[in-house]
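Student: sequence below, structure please.
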Amino acid sequence: MVEVISLLSASAVRERAHGLLALGLDDRLPHFRIDLSRLDAVADLVLAVTQNAYPAGDVPFHARWRHFVVGGRDRWAAVADKISWPDAAARARAEFDLAIASVLLDAGAGPAWRYHDAVTRQRIGRSEGLALASLDMFAAGAFSNRADWALRADADKLTTLSVNDLERGFQVDADNPLVGLDGRTELLRSLGELIARQPGVFASKDAARPGGLFDHLVAQTRNSRIEAATILSELLVQLGPIWPSRITLEGVALGDCWRHPALITDDATSGLVPLHKLSQWMTYSLIEPLQRAGVEVVNIDGLTGLAEYRNGGLFVDGGVLTLRDADDAARAHAVDSQLVVEWRALTVALLDRLAAVIRQRLGQDAESLPLAKILEGGTWAAGRKLAFGRRPDGSPPLKVISDGTVF
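Tutor: Numbering: from 1, shown residues only. Model (predicted):
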């Protein structure tokens, strides 16, 4: 059981990702070849993109909050700063509600979908569009059970959400399709059901809501400090049952964890590759609400890079990763396929390698330039830049069949 639980951690993600990278560097992986000589050119691009976006060097953490800033205006702050919050914890609970719901709705939009933003009059796609749609739903009280207070997400309301509710909120129709809508709806419903069953975790200071996790985490701080990896572990343990049934080992649902036969260990977890992309994205997005409420989040580099298609695309389009079978670029791959698992794990490990190159170039260390800032500066934007330079619709270099709960 100890070995199984250990997979619900950032350290397991990093260890097993680097295990696959080591096999790849020894040319022993079935789907990808690795050319580390191309890493310097990728670092050049990431540094250039970062300098362009943040010329003063004030790079924030990679988090959902960045997607709420449109045209230089922080849309969440525009809402939250007008509220007379009873205390800092009340705002933090609301921000946990928003971040958790929004991240769960952020598993890729597909190339066709756009959200018409009433403020800018723009049609915005992908993660930015999904962020604005979820923020607008939250601000309008779509997740609240209280007529007098919109800015919350209540367990009872989440359990009753329907596909039609999300279709309206995300402006989905035949001409504006959103992939994985059923999966997203089920995730939020499952979230509500789970929260309602665990009042000790999610309802210690208020009615059952995702924001109750803020109070649960505060109770675990020492001298108002908490490790970033502890936040992730709590998310994986407390929210693990909401994910679709995939791999369960010794009764433990492993979430974003997949099989790759090349990764061999001497225990029951042999062949298992944890990635926990959305949970880590959520963890990064909970850091700032905790900090704003007076909690110091330490060892942020205890988390890993995110195994998603922009970071992964950076290494494929940048030539660090090359398909053994070039025809695989034209095929659609299931998210649990060996090729996709291999790609995602190599992405995590290569982000660590890339971060080391970037820090060396800038004369900084992990404390002054954590991975969370390199991701934001950074790798995600550089991956998108390369994608649009190579494909008109900016799609990733590999086609992944998504159910709306992974990417």
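
Student: can we go C-alpha only for contacts and neighbour counts from here?
Tutor: Will do.

Student: which stretches of the stretch 251-400 of the chain form strands?
Tutor: For the stretch 251-400 of the chain, strands defined by DSSP state E, counting those that start in this stretch occupy the ranges 252-253, 257-259, 272-274, 296-298, 321-323, 332-334, 399-401.

Student: most packed of those strands?
Tutor: Most buried of the strands of the stretch 251-400 of the chain by mean neighbour count (mean count of other C-alpha atoms under 10 Å) is strand 272-274; its value is a mean of 25.

Student: contacting residues for Phe170?
Tutor: Applying C-alpha atoms under 8 Å, 6 or more residues apart in numbering to Phe170 gives the contacts 115, 130, 133-134.

Student: also Ala228?
Tutor: With C-alpha under 8 Å, 6+ apart, Ala228 has these contacts: 283, 287, 297-303.

Student: mind checking how far it is from Ala92?
Tutor: Between Ala228 and Ala92 the computed distance is 16 Å (C-alpha to C-alpha, to the nearest Å).

Student: and the residue lying closest to Phe68 once chain neighbours are set aside, how close does it get to Asp154?
Tutor: Using C-alpha to C-alpha, 6 or more residues apart in numbering and skipping the chain neighbours, the partner closest in space to Phe68 is Arg75 (5.5 Å). Between Arg75 and Asp154 the distance, using C-alpha to C-alpha, works out to 22 Å.

Student: if you count surrounding residues, which of the two has more?
Tutor: Neighbours of Arg75 and Asp154, each counted by other C-alpha atoms under 10 Å, are more numerous for Asp154; the result is 23 against 19.

Student: tell me which element the nearest residue to the more buried one once chain neighbours are set aside falls in.
Tutor: Spatially, and ignoring its direct neighbours in sequence, Asp154 is nearest to Arg209 (4.8 Å; C-alpha to C-alpha, 6+ apart). Counting by DSSP states H and E, there is no helix or strand that carries Arg209.

Student: what's the burial count for Arg209?
Tutor: Arg209 has 31 nearby residues by other C-alpha under 10 Å.

Student: residue contacts, it?
Tutor: Contacts for Arg209 (C-alpha under 8 Å, 6+ apart) come out as 97, 152-155, 192, 195-196, 202-203.

Student: what does Leu321 give?
Tutor: Residues near Leu321 by C-alpha under 8 Å, 6+ apart: 32-35, 315.

Student: repeat for Glu288
Tutor: So Glu288 contacts nothing (C-alpha under 8 Å, 6+ apart).

Student: would you reformat the strands of the stretch 251-400 of the chain as CSV and include distance to Gln122 and mean pLDDT?
Tutor: Below are the strands of the stretch 251-400 of the chain laid out as CSV (distance: least, C-alpha to C-alpha, whole Å; pLDDT from 0 to 100):
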stretch, distance to Gln122, mean pLDDT
strand 252-253, 40, 86
strand 257-259, 37, 96
strand 272-274, 38, 97
strand 296-298, 36, 96
strand 321-323, 35, 98
strand 332-334, 31, 95
strand 399-401, 27, 91
